[in-house]
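*Asks:* need a structure here:
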Amino acid sequence: MKNLIFTITVLLFATACSDILEENPKAVALETFYNTADEIQSAVYAIYNPIRTAVGTNGGTWVVNASQVDYAVGRLSYVNMSDFQVLSSTNISRTDAIWTYLYQAIRNANLVIKNAPKSSKATQDQINQFVAEAKFLRAFCYFYMVRNWAGLPIRTEDNMTVPDVARSTEDVVYALILSDLEYAETNLPESQSQVGRANKYAAKAVLTHVYLQIGRWSDARTKALEIINSGKFSLIKVSIPNDFYKIFGPDVISSLEEIFYLKYNSVSGNYIARFSHHPSHPEYYNSTGVYALYADSVSNKFISDWDYKDLRKKFTLYNCNIGFGPTTMLFKKFIDPTSTDQQCKNDWPAYRYPDILLFYAEADCMVNNGPTVDGMGKLNMIHRRAYGMDPTVASSIDFNAANYTKDTFLNLVLKEKGYEQMDEGKRYFELKRTGKLKEAVKYARGVDVVDAALLWPIPSVEYNYNKAIDPVKDQNPGYK
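*Replies:* Coordinates of the predicted model:
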C-alpha cells in the first residue's frame, strides 16, 4: 500500500518492498538550505513536487495533452483543446498554470545547482549526484515546455535574480537540455535508494527522446540500445486484459517496465483516474468521476481500426453511454476504486520500457533508411505482448520487415505507439514530432487542425513582469 509520511523539514519514506519518493517537504528550497547532504537531498526532493502538480492536477499536463489527440475528445471545457483551434480563456488559464509550476521546478533545480557545490559537509560524489538529479529535472521541464511553447526564457543558476530574460530560440533551449542530460547521464547512479527518483537510465531515456525530437537518429538509436542492452528492463507478461494492472494499477510500487515515473499516493495523489471515469462505475473510481475524455468505437477510425483481439483495447476502454450514444467509450487504463476523494494513487509513466523499444524501432529505421529485422523485432515484442503472447518468442502475428517500406514502417511504429501509450498523454507529442498530427486527426475524427493549435500562448504574467518579453513580437501565432 502506498502511504505518505512527512514532517515539516525532513522527508520520510513509507516502505512496501522499496522506498518511494512521493512527497517533499514544503519550503525547503531556500537559498541557505545547503549545508549537509541531507539538506541538499531535501532541496532536490523539492524539485519534484511542482512537476507532479503540473502533471496530475485539474487542468494539468496529462488531461490537457490527452485531449489533443486523434483517438479521443475532451468533454465540457476540454472540448476546446480537442477542436484544435485557438485556446479558450479557460484553457489558457490551464496552460498558464503549467508554465508557472514548471518554472517553479526549474527555480528549485537552479537553487540546487548553484548552492550544492558550496557545501563543505557533503562529499564531492554526493554533490555531483545531487547536481545531476537537479539538471535532469530541469531538462525534463524544459523539454516539455519547448514542445508546447517553442522558444523560452532560459532561467539557469546564472541568471536567477535577473527579472528580464529574453525568449531564446528552440535551438538554444535544446542545447541546454542536452548539456543537462549529458551531465545527468554521467553523474547519476544506475539505481536510486528511492523508487521515483531519476537515475542514469532515466537520463538515457530522455536523451533518446530528445535526439528523436531534433532528428539525431543515430544518437537516438545508440542511446535506446544502451537501455535495452542493460538487461535491467523487460516487458511484463500478460494473458488477460486486467493483467495490465500489474503495470498501471493504483497499488503498483514499481515494475520492470518503469524507467522514470512520477509517483503518487492516497495523500499526495493526482486527478488522472478521477478525470477518466463516469460516477456510475465505482469499480473504476468513486462518485466524483468527471469523465473529461471520451472516445467512440464506431465513429473514431483510430479506435474502430483497433483489433478487439488486442488485449490492450479491452484493458484501456469500456463502453459508457454519457449521452452521446451507445458506442461511447471511456478510458480505464488508470483506475483507483478505493480513492475517497481526488487523490488517485496511480503513478504517471513518463518513460517506460515499451517507449524505448518503439523509439529504437523508429530510430533504427531512420538510420538504415528502412526497417530492419532488428527494429521490427523490437516492435514485435510489444505486439506479441498485446495479444497475450510471450514477448520474446516469435509468433504467427509477427510483422515481417520485408513487407514494409521506410514510410509504411514508420506509420506502423506510430500506430503501435498510439495503442500502447493510449491515455498516457504522449500521443499529441508523437504526432506533432513526426508531422502527422493534422493527417491523423483528420482521418480519425474529421477535424481540421489549425496552425495556431500547434503551440500554446506565452502567459500574460510572463510579459507583464518580464520586460524582455514583448507581448506582440514574442507571442505565439494566433494569440497576438
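
*Asks:* just the endpoints, please. Distance across stretch 298-310?
*Replies:* 17 Å (Cα to Cα, to the nearest Å).

*Asks:* and what of stretch 297-306?
*Replies:* Taking Cα to Cα as the measure, stretch 297-306 stretches 9 Å from start to finish.

*Asks:* which neighbouring elements make contact with the host helix or strand of residue 101?
*Replies:* According to DSSP states H and E, residue 101 maps onto helix 89-115. Contacts defined by 3 or more Cβ pairs under 8 Å, 6 or more residues apart in numbering; DSSP states H and E place helix 89-115 against helix 37-56, helix 61-67, helix 79-82, helix 124-149, helix 460-465. All C-beta spots, glycine's among them, are computed from the backbone N, C-alpha and C.

*Asks:* do you know which of those lies nearest residue 385?
*Replies:* Residue 385 lies closest, by Cβ to Cβ, to one member of the helices and strands packed on helix 89-115: helix 61-67, at 22.7 Å.

*Asks:* mind giving me the packing neighbours of that closest one?
*Replies:* Packing partners of helix 61-67 (3+ Cβ pairs under 8 Å, 6+ apart): helix 37-56, strand 73-74, helix 79-82, helix 89-115, helix 272-276, strand 293-296, helix 427-433.

*Asks:* flag every buried residue along the host helix or strand of residue 413.
*Replies:* Taking DSSP H and E as the criterion, residue 413 maps to helix 406-420. Within helix 406-420, the residues scored as buried using 16 or more other Cβ atoms under 10 Å are 409-414, 416-420.

*Asks:* what lies in contact with that helix?
*Replies:* For helix 406-420, contacts defined as Cβ atoms under 8 Å, 6 or more residues apart in numbering pick out 70-71, 302, 306, 310, 312-313, 354, 358, 361-362, 365-366, 369-371, 375-376, 379, 382-383, 386, 399, 401, 404, 426-427, 430-431, 434, 436.

*Asks:* using a markdown table, lay out the helices and strands packed on helix 89-115 together with mean neighbour count and mean pLDDT.
*Replies:* Compiled in a markdown table, those are given as follows (neighbours: other Cβ atoms under 10 Å; pLDDT from 0 to 100):
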| stretch | mean neighbour count | mean pLDDT |
| --- | --- | --- |
| helix 37-56 | 23 | 95 |
| helix 61-67 | 24 | 93 |
| helix 79-82 | 21 | 96 |
| helix 124-149 | 23 | 99 |
| helix 460-465 | 14 | 94 |
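
*Asks:* can you put the ones you listed in TSV and add distance to residue 347?
*Replies:* Output for the helices and strands packed on helix 89-115, formatted as TSV (distance: least, Cβ to Cβ, whole Å):
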stretch	distance to residue 347
helix 37-56	10
helix 61-67	12
helix 79-82	24
helix 124-149	15
helix 460-465	30
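
*Asks:* how about those, which one is nearest residue 284?
*Replies:* helix 61-67 (16.2 Å).

*Asks:* gap between the closest one and the chain center?
*Replies:* 10 Å (Cα atoms, centre = their mean, to the nearest Å).

*Asks:* send the alpha carbons of it over as PDB?
*Replies:* Extracted in PDB, the C-alpha atoms of helix 61-67 (Å, rounded to 0.1, in the frame of the first residue of the first chain):
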ATOM      1  CA  THR A  61      -0.400  18.300 -18.500                       C
ATOM      2  CA  TRP A  62      -1.900  14.800 -18.600                       C
ATOM      3  CA  VAL A  63      -5.600  15.800 -19.200                       C
ATOM      4  CA  VAL A  64      -4.600  18.700 -21.400                       C
ATOM      5  CA  ASN A  65      -2.400  16.700 -23.700                       C
ATOM      6  CA  ALA A  66      -4.700  13.700 -23.600                       C
ATOM      7  CA  SER A  67      -7.400  16.000 -25.000                       C
END
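
*Asks:* returning to what we had before: nearest to residue 346, out of the helices and strands packed on helix 61-67?
*Replies:* Proximity to residue 346 (Cβ to Cβ) singles out helix 272-276 among the helices and strands packed on helix 61-67, at 5.5 Å.

*Asks:* now do that closest one: everything it contacts.
*Replies:* Contacting residues not belonging to helix 272-276 are listed as 56, 62-63, 250, 284-285, 288-293, 330-336, 339, 342, 344, 346, 348, 423 [Cβ under 8 Å, 6+ apart].

*Asks:* residue nearest the centroid of the chain?
*Replies:* Geometric centre of the chain, nearest residue: residue 350, 3.6 Å, by Cα atoms, centre = their mean.

*Asks:* whichever of the contacts of helix 406-420 end up buried, select them in PyMOL.
*Replies:* Buried residues among those (16+ other Cβ under 10 Å), as a PyMOL selection:
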select buried, resi 70+71+302+306+310+312+313+354+358+361+362+365+366+370+371+375+376+379+382+383+386+399+401+404+426+427+430+431+434+436
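
*Asks:* isn't there a helix covering residue 396?
*Replies:* No: Residue 396 is assigned coil when assessed by DSSP: H, G, I helix; E, B strand; the rest coil, not a helix.

*Asks:* mind listing what's buried in the helix holding residue 101?
*Replies:* Neighbour-count burial for helix 89-115 flags 91-92, 94-99, 101-115 (criterion: 16+ other Cβ under 10 Å).
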